[in-house]
Structure formats: C-alpha cells, structure tokens
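> Show me the folded form of this:
(one chain, ligands or ions: 2)
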Amino acid sequence: MKDDQLPGQRRCATGNRYALPQILVHWLVVLLVLAQVWTSGGIGRSHADHIAGIEPASYDLLLHELHTFGGLAIFGLVVLRILMRLVFGAPSAPRNVHRFIQMLAVANHLALYAVLLALPAIGLLARYIDFDIFGPVHVALTRLLLVLVAAHIAAALWHMLIRRDAVVSRMLPG
Ligand code: HEM
Ligand code: HEM
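Ligands and ions are numbered 1, 2, ... in the order given. Predicted coordinates:
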C-alpha cells in the first residue's frame with residue numbers, strides 16, 4: 001500500500017479516477033434518492049387520508065408503490081456499487097490532503113453506504129411489519145442521510161472551489 005492511501009483505497013484499474021460503471025451508478029443512486037424524497041410525500045398524504053377515513057388518492061398510492069420499488073432499486077444498486085468498489089477500487093486521495101481529512105472522507109463514504117442499505121431494510125419493516133416502531137426509525141435515518149449528504153456536498157465544493165483539485169472530476173464521466 002502506498003503511503004498516501006488508506007486501507008480500502010487503491011489506484012483504480014482505469015487510472016486515478018473511478019471506472020465508468022461506478023460513476024454511472026453513483027449518479028443514478030443520487031437521482032433515485034431525490035425521487036425517494038418526492039415519492040415519500042404520497043406516503044404522508046395517503047396515511048393522513050386513511051386516518052381521516054377518506055379513500056387515498058390513486059396518485060398517492062402510486063407514489064407509495066414507487067417509493068417501495070425505488071428503495072429496493074437503491075438497495076440493489078448499492079450492493080452492486082460495493083461489489084464494483086471491491087473489483088475496481090477507488091482512486092487514492094490527493095497527496096497533500098491531511099490524513100485526518102482522508103479518514104473523514106472514508107468515514108463519510110462508509111456511513112453513506114450503511115445508511116443507504118439500512119433505509120430500504122427498515123422501510124420494508126415499517127411498511128409490512130410494524131409502522132409505529134420502524135416508521136420513526138426510517139424517518140430518523142432519512143435525517144442522518146441528509147446530514148451525510150450535506151457534508152459530502154460541502155466536501156465536494158471544498159475540493160472544487162477552494163483546493164481546486166481533481167477529486168470531483170474523477171466522479172464525472174469523460
Ligand atoms: C434509500 C431508500 C429510501 C429513502 C432515501 C427513503 C426516504 C424516505 C423519506 C425522505 C421519507 C419521508 C420522511 C418524513 O416523513 O419526513 C420516507 C418515508 C417512508 N418510507 Fe422511505 N425511503 C427509502 C426506502 C424505503 C423503502 C424500501 C420502503 C418500504 C416499503 C420505505 C417506506 C417508507 C415508509 C413506510 C415511510 C413513512 C414513514 C413514516 O411516516 O413514519 N422507504 N422515506
Ligand atoms: C444522494 C447523494 C449522494 C450519495 C448517496 C453519494 C454517495 C457517495 C459514495 C458512497 C461515495 C464513495 C465512493 C467510493 O469510493 O466507494 C461517493 C463518492 C463521491 N461523490 Fe457522492 N454521493 C452523493 C452526492 C454527490 C454529489 C451531489 C456530488 C458532487 C457535488 C458527489 C461527488 C462525489 C465525489 C467527487 C466522490 C469521489 C470522492 C473521492 O474520490 O474521494 N456526490 N459518493
């Protein structure tokens with residue numbers, strides 16, 4: 001292992017950038033996570049209608065189903081990402097980034113993977129096993145995801161605008 005690399009980081013088979021399938025799946029998951037936020041609105045409305053004794057709108061029920069399938073798709077794509085990560089690796093950090101910052105980045109990525117796997121699993125438990133117990137856990141995990149993604153985007157902006165290094169471009173095709 002080179003001295004600027006942490007465990008789990010190694011030069012990609014495709015050079016010092018992510019492989020194209022890794023890049024495509026990264027951005028597909030971003031789009032699907034945004035779609036999950038949108039479809040979750042249908043869950044809240046259909047539950048409110050149900051409690052009020054009103055028949056939920058079929059549009060909201062459709063969003064409900066899309067939320068379930070979108071979540072399962074994210075789960076599958078995250079498993080695929082982890083497998084690709086094991087096969088292709090990840091580019092090493094730029095040389096002069098402090099080791100503590102590198103460790104924060106690794107922790108952020110690991111936590112993102114863990115939350116993206118836990119959210120669909122807990123979501124299924126909330127929908128099919130016990131809404132009162134698992135619903136609040138699912139909602140709490142969505143807040144944790146928000147914090148992790150905010151930190152992730154802040155780090156991307158730091159690389160792009162302040163350090164002006166190539167970290168963001170290696171997650172872009174081309
Ligand atoms: C990574 C995948 C997922 C993401 C990002 C996600 C995101 C969200 C969001 C943002 C909410 C709204 C939280 C709020 O009320 O403020 C929500 C609610 C909910 N989601 Fe998901 N979700 C995912 C997967 C799933 C799956 C697979 C299911 C299973 C069927 C599911 C079931 C639910 C349920 C039942 C609620 C309502 C919880 C409640 O109001 O207590 N989710 N989800
Ligand atoms: C839902 C939103 C997002 C999620 C869940 C997410 C998740 C992840 C994960 C898990 C990794 C680690 C890849 C690995 O090495 O295995 C990663 C890397 C990366 N992401 Fe995101 N990401 C999101 C949004 C974004 C956004 C909006 C940007 C750009 C502004 C971005 C830029 C990057 C970059 C540049 C890397 C590579 C970092 C490096 O090489 O050290 N991501 N992302």
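> Every contact and neighbour count from this point should use C-alpha atoms.
Noted.
> quick one: the helices in the chain?
With DSSP state H applied, the chain shows helices at 20-51, 58-88, 99-128, 131-157, listed in chain order.
> who does the third one touch, helix- and strand-wise?
Applying 3 or more Cα pairs under 8 Å, 6 or more residues apart in numbering; DSSP states H and E, we find helix 99-128 packed against helix 58-88, helix 131-157.
> Switch these over to TSV; also include distance to residue 31.
Written out in TSV, the entries for the helices and strands packed on helix 99-128 read as follows (distance: least, Cα to Cα, whole Å):
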stretch	distance to residue 31
helix 58-88	10
helix 131-157	13
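> contacting residues around residue 123?
Applying Cα atoms under 8 Å, 6 or more residues apart in numbering to residue 123 gives the contacts 68, 134-135, 138.
> any idea how far the closest residue to residue 167 other than its chain neighbours lies from ligand 2?
With Cα to Cα, 6 or more residues apart in numbering as the measure, residue 159 is the residue that lies nearest to residue 167, at 6.4 Å, once sequence neighbours are left out. Distance from residue 159 to ligand 2, counting by Cα to the nearest ligand atom, to the nearest Å: 8 Å.
> Read off the pLDDT value for residue 159.
The pLDDT attached to residue 159 in the predicted structure is 95.
> Test my guess that it contacts residue 165.
Yes: assessed by Cα atoms under 8 Å, residue 159 is found in contact with residue 165 at 5.8 Å.
> quick one: which of those two has more around it?
Ranked by neighbour count (other Cα atoms under 10 Å), residue 159 and residue 165 place residue 159 first, with 16 against 12.
> That one: what's it in contact with?
By Cα under 8 Å, 6+ apart, the contact set of residue 159 is 165-168.
> which residues of this protein score low on pLDDT?
With pLDDT under 70 as the threshold, the chain has low-confidence stretches at 1-15.
> go again using 90 as the cut-off
Along the chain, segments meeting pLDDT under 90 span 1-17, 92-97, 174.
> Could you list the contact residues of this protein toward ligand 2?
By Cα under 6 Å from any ligand atom, the residues of the chain that approach ligand 2 are 30, 33, 85, 90-91, 109, 112-113, 149, 153, 156, 167-168, 171.
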